[in-house]
Each structure stands twice: as structure tokens, then as C-alpha cells.
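Colleague: Below is the sequence, then the predicted model.
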Amino acid sequence: MQTMECIRERRSVRNYKPDPIPEDIIKEIIEAATHAPSSGNVQDWEFIVVKNPETKMKVAAAAWEQNFIVSAPVVLVVCSDLDRISAAYGSRGETLYSIQNTSAAIQNILLAAWEKEVGSCWIGAFNENKIRDTLVLPSNVRPLAIITLGYPAEVSKKPRRRDVKEVLHMERWE
């Protein structure tokens, strides 16, 4: 699959087949994440793979009962090591670059998964403290996203996208 085709065709998936994802594919998806750009090449991201049904239920509960999470064969929790990023960039690293860096890694995850015919959904709505407690995260590690992964049971139709001419500004805002 070509890059632009993958970008155009990827969808958020919330309905998964129960089929497991092979370990080599999971590792390849995570490897794609590690090739994302990061501020000063600090690579502050950390990835927790969750497959245990009980743990997935706790993650879903922490995500304000988004129960489709439980049906995903794999749940990734994407975190930032705040000590690592703040050592390089101080508070700006903690409050901004950590989010930017993990977001770039997440986009790579979504695209690499889709290329492997694995569906995904990026979830940002969750209680950080509940995730921290569930996954026993150290205090310097901040959970920033939950990503579900699984083979799609169904794929939604393409959502409307704003046309480039609606969002593009040349030289100044007009």
C-alpha cells in the first residue's frame, strides 16, 4: 500500500473480530512508532501492550466506559517519560513536546496498523490517574493516549474531510 493511499483509506475502527494479532505484527507496529520524529530526537515515548481481558475492562472503565475497548484484541497505552523530555526541554518539554512527540508516534501506529489490515482507534478521553493506577505507572510517566488494535469486523464509511482550499492559507491568514 502506498503512503497516500494508506492515509486516505485509514478509518477509526470500534468493532473488532476476536482474532489475535501476531506478536511480530504488534512489534512491527511499535517499531513504526519509534521511527517518528521527536523533539531533539529525545524519543520520550513508552508503549504498554494490554491483552488481559480484566486489564482491558479497567482501561475501558478509566476511559469513561468506552466498552468497545474490551473487544479489541490489543490495547496500547502510549505514554511519555516526563523526566526524559524535561531533562532536554524543561517545562515546555513536559507540557507541549511530550504531546507532540507521542502524537507523531501514534500517527505512525495508526498507519502501520492499517497497512497490515489491522484497525485502530485513537482514544484521548480517559482518566489519567485511573490508567496510571491500573498499569502501575511511575510518577514520571504520563499516559497520553489509548490505541485499540484489531482486525476490523466492519469498517465505517469515509467521513467528510474539509477541502484543502478550506484550510490552506498562503503567507498569511485570509
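Modeller: Great, that's in hand.

Colleague: need the longest helix for this protein.
Modeller: helix 98-115 (DSSP state H).

Colleague: Could I get the full set of helices for the chain?
Modeller: So, for the chain - with DSSP H - the helices run 3-9, 23-34, 53-62, 68-71, 82-92, 98-115, 128-135, 164-167.

Colleague: still on that earlier bit, show me what the longest helix of the chain is packed against.
Modeller: helix 3-9, helix 23-34, strand 45-50, strand 74-81, helix 82-92, strand 119-123, strand 141-150 (3 or more Cβ pairs under 8 Å, 6 or more residues apart in numbering; DSSP states H and E). The C-beta positions use only the backbone N, C-alpha and C, and glycine is treated the same way.

Colleague: who wins for proximity to Lys165 among these?
Modeller: Of all the helices and strands packed on helix 98-115, helix 3-9 sits nearest to Lys165, with 17.3 Å by Cβ to Cβ.

Colleague: Show me the contact partners of the closest one.
Modeller: 1, 111, 114-115, 158 (Cβ atoms under 8 Å, 6 or more residues apart in numbering).

Colleague: quick one on the thing from earlier: can the helices and strands packed on helix 98-115 go into JSON lines with extra columns for mean pLDDT, distance to Val164 and mean neighbour count?
Modeller: Shown next, in JSON lines, are those (pLDDT from 0 to 100; distance: least, Cβ to Cβ, whole Å; neighbours: other Cβ atoms under 10 Å):
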{"stretch": "helix 3-9", "mean pLDDT": "94", "distance to Val164": "13", "mean neighbour count": "11"}
{"stretch": "helix 23-34", "mean pLDDT": "98", "distance to Val164": "26", "mean neighbour count": "16"}
{"stretch": "strand 45-50", "mean pLDDT": "98", "distance to Val164": "30", "mean neighbour count": "19"}
{"stretch": "strand 74-81", "mean pLDDT": "98", "distance to Val164": "29", "mean neighbour count": "24"}
{"stretch": "helix 82-92", "mean pLDDT": "98", "distance to Val164": "31", "mean neighbour count": "16"}
{"stretch": "strand 119-123", "mean pLDDT": "98", "distance to Val164": "22", "mean neighbour count": "22"}
{"stretch": "strand 141-150", "mean pLDDT": "98", "distance to Val164": "27", "mean neighbour count": "23"}
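
Colleague: That concludes my questions; thank you for your assistance.
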